[in-house]
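Colleague: Fold the following, please.
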Amino acid sequence: MGAYPVVWMPGLGESPHDAERVAAALGPAFHVIGEPPGVGAVALVGHSFGSVPALQFAADHPGEVDTVVLTSGFYPPARDGRSLASTIADYGRHRMLYARDLASRGRAPRPTTGAARRLASLARLGLHPRAFHELADRVRCPVLVVHGAADHVVPVAFAHAAAARHPAWTYREVADGGHYLHRDGAAAWAEIVRIALTACPG
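Modeller: Alright, predicted model coming up:
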């Protein structure tokens with residue numbers, strides 16, 4: 001039996017080497033590819049922005065996807081049981097930490113035209129959470145959410161709320177993990193993901 005196919009669906013502006021990092025972390029039992037092969041079932045691993053097309057593909061092609069892994073994925077803003085003031089303050093802190101991280105690496109957020117369009121599509125889902133949840137409800141295969149407790153791009157509270165809204169999902173949190181778990185905490189991340197992928201019928 002050959003290696004199980006895993007489709008890596010990256011976030012905006014990610015390095016082309018990220019797929020290689022994912023393949024190395026998961027090991028030889030899994031064949032990491034850039035798009036569904038068109039025959040046979042696969043697992044989808046969507047990172048950040050890539051989590052939305054992963055859900056979309058799984059919803060539209062239920063017979064072709066065994067499982068979906070949302071790693072540091074996009075979720076609509078949510079209070080997660082907090083007051084409005086606390087929610088706004090926490091999100092502001094996350095934005096400040098994100099900007100500080102970019103500055104420390106000599107970078108500034110300058111999205112391309114294509115990236116700006118994709119960000120706009122996320123904004124629409126953020127402003128209309130029902131659309132996101134209706135999409136998620138259409139996914140019939142198992143869904144694993146992996147999120148870092150210290151993610152400064154997508155607050156972990158948003159992931160908590162989404163997982164609570166979809167109780168059939170499996171939620172796993174990486175203590176002190178940031179937004180790029182597959183890079184910065186690859187061993188712990190891969191251990192969680194391999195368990196889900198090993199359960200796939202393929």
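
Colleague: so who does residue 50 touch?
Modeller: 8, 9, 10, 11, 73 (CB atoms under 8 Å, 6 or more residues apart in numbering). Backbone N, C-alpha and C define where each C-beta goes, glycine included.

Colleague: Relative to residue 59, which of these is nearest.
Modeller: residue 9 (13.8 Å; CB to CB).

Colleague: Quick one: neighbours of that closest one, just the number.
Modeller: Around residue 9 there are 26 other residues, counting by other CB atoms under 10 Å.

Colleague: State the distance from it to residue 18.
Modeller: 11 Å (CB to CB, to the nearest Å).

Colleague: what sits in contact with each of the two?
Modeller: residue 47.

Colleague: For stretch 176-195, list every residue counted as buried.
Modeller: If you call a residue buried by 16 or more other CB atoms under 10 Å, then stretch 176-195 has these buried ones: 177-183, 185-186, 188-190, 192-193.

Colleague: Generate TSV for those residues, with pLDDT, secondary structure and distance to residue 141 as supplementary columns.
Modeller: As requested, the buried residues of stretch 176-195 are arranged in TSV below (pLDDT from 0 to 100; DSSP: H, G, I helix; E, B strand; the rest coil; distance: CB to CB, whole Å):
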residue	pLDDT	secondary structure	distance to residue 141
177	93	coil	24
178	91	coil	27
179	91	coil	25
180	92	coil	25
181	94	helix	21
182	94	helix	21
183	91	helix	26
185	90	coil	25
186	93	helix	25
188	93	helix	24
189	96	helix	20
190	96	helix	20
192	96	helix	17
193	96	helix	15
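
Colleague: Export these to JSON lines and append columns for distance to residue 50.
Modeller: Formatted as JSON lines, the buried residues of stretch 176-195 follow (distance: CB to CB, whole Å):
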{"residue": "177", "distance to residue 50": "17"}
{"residue": "178", "distance to residue 50": "17"}
{"residue": "179", "distance to residue 50": "12"}
{"residue": "180", "distance to residue 50": "12"}
{"residue": "181", "distance to residue 50": "13"}
{"residue": "182", "distance to residue 50": "11"}
{"residue": "183", "distance to residue 50": "14"}
{"residue": "185", "distance to residue 50": "18"}
{"residue": "186", "distance to residue 50": "17"}
{"residue": "188", "distance to residue 50": "20"}
{"residue": "189", "distance to residue 50": "15"}
{"residue": "190", "distance to residue 50": "17"}
{"residue": "192", "distance to residue 50": "17"}
{"residue": "193", "distance to residue 50": "14"}
